[in-house]
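**Student:** Just the structure for this:
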Amino acid sequence: MAKKIISFIACLALAITALPICATGSALPNFGPTNFSALLGTVATEVGGVIAGLATVMFIISGIMFVASTANPEMQNTAKKALTYAIIGIVVGLSATAIVNFIKGMF
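**Tutor:** Purely as a prediction, here's the structure:
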C-alpha cells in the first residue's frame, strides 16, 4: 500500500511540475542539435555521463564486495574484476566526448 501511495505522489509531483511548461505552449523552442555532428556529440555526452554514473555505482559495490569477502578468495577475485571493469567504465564514460570528437576529426 505504501508503494502505491509513494508512486502516486511521485506521479502527481511530475504532473504538477509539467503544468507551467504545458501552459506556455512551447516548452523548448530551440531544442536539439541542428546537424548530425552536433547530435552525435550530444548523444556521446549524455551516454558518457550515464556510463560514468553507473561505473561509479559499480565502484562502490565492488568495494563493498571486497570488504565483505574477508576469507573467501573467490569473492575477492570477483570484487577485483568488478573494480577493474568499473575503473574502465569510468575512464570510457568520462572520455566519451573526446573519443567522439577524435572520430569526427578523422572524417
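**Student:** Can you name the element that comes right after the least confident helix or strand in the chain by mean pLDDT?
**Tutor:** Averaged element by element with mean pLDDT, DSSP states H and E, the chain has its least confident helix or strand at helix 2-24 (a mean of 65). Per DSSP states H and E, the first helix or strand lying C-terminal to helix 2-24 is helix 36-68.
**Student:** chain center to the very next helix or strand once past that following helix: distance?
**Tutor:** Elements were assigned by DSSP H and E; along the chain past helix 36-68, the next helix or strand is helix 73-94. Remark: helix 73-94 is offset 17 Å from the chain centroid, using CA atoms, centre = their mean, to the nearest Å.
**Student:** nearest spatial neighbour of residue 44, skipping sequence neighbours?
**Tutor:** In space, and not counting its chain neighbours, residue 44 is closest to residue 100: 3.9 Å by CB to CB, 6 or more residues apart in numbering. In short, each C-beta sits where N, CA and C put it, glycine included.
**Student:** Against residue 49, how distant is that neighbour?
**Tutor:** Using CB to CB, to the nearest Å, residue 100 is found at 13 Å from residue 49.
**Student:** circling back: in three-state terms, how would the residue nearest to residue 44 be classified?
**Tutor:** The three-state assignment at residue 100 reads helix, by DSSP: H, G, I helix; E, B strand; the rest coil.
**Student:** Pull the residues that contact the one helix or strand residue 105 maps to.
**Tutor:** Taking DSSP H and E as the criterion, residue 105 maps to helix 96-106. Outside of helix 96-106, the residues within contact range by CB atoms under 8 Å, 6 or more residues apart in numbering are 37, 40-41, 44-45, 47-48, 51, 92.
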